[in-house]
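Undergrad: Below is the sequence, then the predicted model.
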Amino acid sequence: MSKNIKTKLAFISLILIFITTSAFGCRDTVSKEEAEKIKPIELEIWRAWDGQDKFADIISAYEAIHSNIRINYKKLRYEEYERELLEAFAEGKGPDIFSINSGWLKRYESKISPMPSEITLAYTTTEQGAFGGQEQTVELKKTKSLVPKDIKKQFAEIVYNQAIIDDEIYGLPLSLDTLVLFYNRDLLNNENIVEPPQYWNQEFLEDVAALTKQNSNGDIVQSGVAIGSAFNIDRYSDILSLLMMQNGAEMLDVNGNVFFHKMPTNWDKPSVPGIEALRFYTDFANPIKEVYAWNKDMPNSLNAFTEGRLGMFFGYSYHIPMIKATAPRLNFGISKMLQIEGNEKEINMANFWLETVSKQSELTAEAWDFIQFATRAENVQSYLTKTSKPSALRAIIEEQKESEDEYLSVFVDQILTSKIWYQGKDYNAAEVIMGEMIEQALLVDEPDELRKIVGIAANKIQQTIY
């Protein structure tokens, strides 16, 4: 900490002691608790997304009512985020507040301090003085924190399912993303495809075939859709998992065990829906199928889309700025995620991050207070506006449906029907296992071999659950 900052903090401390003596009835002394709560502190926040400018309004508003608290915000590159975070924790130098993908919660559970039931903090108020000017007073206030039933009431249901362990709150989201269909308008126009498909039906298959072009050597030079393989497709695991769930697969049984390789309860069809969904998915990377449109030698799906060589791409709202930055002239549109025609209910895929508090922090009350403040509707609105992200709060979802943003409403319309199935300790490992299952499925023809591959993958993922 620089000498200049230390001087400023010492000055603030003197002012606060003077103010607080007045605020607490002009007593000669303040209690130990009062003195502790009004001393200058700094909260460290680490995140993998969004620059500090996106948080400027929230931080300013919070510091205005807590004049002894300063917020230090640090954004790290996503590729380095986890490594730097874990190294900092190992050295005892980690942040007070940090972000994790909701799928990482069980893995980070031991590093998180759950939300306390009550928080006591010093609040600064500014009033007009008797002789003009403004007077500040500081008052200690004890407030009740959110409880699990509040999360269920205020946020989309998926937040309740992902953020709570043993009836304790481990994090809160600023936004909530959903998987959608991106499409290249020019490529669809060239094939007289008036509207993007809505269902995984014959129309979709025909669109894929029309959009896919091969050269004289049989190489794909333009793809209709990026599905079929794994590791060169952004969010391949989400796409396949969603197909499984839409097709009726039970991803987990009532005891939380992996179950997508088995017949669901009361299932009246001859095929296992999870295996059938995998077969459908891999058909698009099978050269002998009419819908062949992709293979493992293709470039990354996002790159293919920005290069104008891909008709349809499945992604999240965070892909929009990536696409615009790489291909500012690309004429693309967004529509709702494909569903299975005839299903009674829509099923969509969610992806979101939780803001949480380190167990190493000595400022857990202040940290959790800031998170609750930042995620309230009246405060998070500025962040959502600046980032064009869909809200996790029910109170804002309806507002965003009417947004003038040409893309936002598509994501928002899917929030309340979105799901995440994996809740184990190694989300990243489970994704890799799903990818290996896809690649191995492409090498076999016999149904028995496919069932064996899916069963082995399910057993491997089961080992990551606990």
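TA: The structure has been received and is ready for your questions. Numbering: from 1, shown residues only.
Undergrad: make it CA atoms for all contacts and neighbour counts henceforth
TA: Fine.
Undergrad: got the phi/psi numbers for Phe332?
TA: Backbone geometry at Phe332, expressed as degrees, to the nearest 10, gives phi -120, psi 160.
Undergrad: doesn't Arg185 make contact with it?
TA: Yes: counting by C-alpha atoms under 8 Å, Phe332 touches Arg185, with 5.2 Å between them.
Undergrad: what bits of this structure have low per-residue confidence?
TA: The chain contains residues with pLDDT under 70 at 1-34, 127-135.
Undergrad: repeat that for 80
TA: 1-37, 126-136 (pLDDT under 80).
Undergrad: Could you chop it up by domain?
TA: Domain ranges of the chain: 3-146+357-395, 178-352+406-465, per automatic domain parsing.
Undergrad: what would those look like in CSV with distance to Asp167 and mean neighbour count?
TA: As requested, the domains of the chain are exported to CSV (distance: least, C-alpha to C-alpha, whole Å; neighbours: other C-alpha atoms under 10 Å):
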stretch, distance to Asp167, mean neighbour count
domain 3-146+357-395, 10, 17
domain 178-352+406-465, 15, 18
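Undergrad: possible to save these as a markdown table with distance to Ala156?
TA: Shown next, in a markdown table, are those (distance: least, C-alpha to C-alpha, whole Å):
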| stretch | distance to Ala156 |
| --- | --- |
| domain 3-146+357-395 | 6 |
| domain 178-352+406-465 | 6 |
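Undergrad: and of these, who's closest to Phe155?
TA: Proximity to Phe155 (C-alpha to C-alpha) singles out domain 3-146+357-395 among these, at 4.4 Å.
Undergrad: give the contact list for the residue nearest to the spatial centre of the chain.
TA: Nearest to the geometric centre of the chain sits Phe352, at 1.4 Å (C-alpha atoms, centre = their mean). Contact analysis of Phe352 by C-alpha atoms under 8 Å, 6 or more residues apart in numbering lists 101-102, 173, 175-177.
Undergrad: all helices of the stretch 201-350 of the chain, in order?
TA: Remark: helices assigned in the stretch 201-350 of the chain by DSSP state H, counting those that start in this stretch are 202-211, 236-246, 273-283, 301-306, 319-326.
Undergrad: Run the angle between the third one and helix 236-246 for me.
TA: Relative orientation of helix 273-283 with respect to helix 236-246: 130 degrees, computed using axes from the mean of the first three to the mean of the last three C-alpha atoms, to 10 degrees.
Undergrad: Likewise for the last one?
TA: Our comparison of helix 319-326 with helix 236-246, counting by the same axes, to 10 degrees, yields an angle of 140 degrees.
Undergrad: can you confirm Ile461 is in a helix?
TA: Yes: looking at Ile461 with DSSP: H, G, I helix; E, B strand; the rest coil, it is inside a helix.
Undergrad: Spit out the contact partners of Ala209.
TA: Contacts of Ala209 by C-alpha under 8 Å, 6+ apart are 224, 290-293.
Undergrad: mind running it again at 10 Å?
TA: In this structure, Ala209 makes contact with 203, 223-225, 284, 290-293, judged by C-alpha atoms under 10 Å, 6 or more residues apart in numbering.
Undergrad: before we move on, what about Asn348?
TA: Asn348 makes contacts with 178-180, 238-239, 242-243, 245-246, 336-339, 414-420, as judged by C-alpha under 10 Å, 6+ apart.
Undergrad: Tell me which entries of those lie within strands.
TA: 178, 180, 418-419 (DSSP state E).
Undergrad: got the phi/psi numbers for the closest residue to Arg279 other than its chain neighbours?
TA: Leaving aside its chain neighbours, Arg279 sits nearest to Ala441 (7.8 Å; criterion: C-alpha to C-alpha, 6 or more residues apart in numbering). Per-residue torsions, Ala441: phi -60, psi -30 (degrees, to the nearest 10).
Undergrad: surely Ala441 meets Ala277?
TA: No: using C-alpha atoms under 10 Å, Ala441 is not in contact with Ala277; the gap is 11.7 Å.
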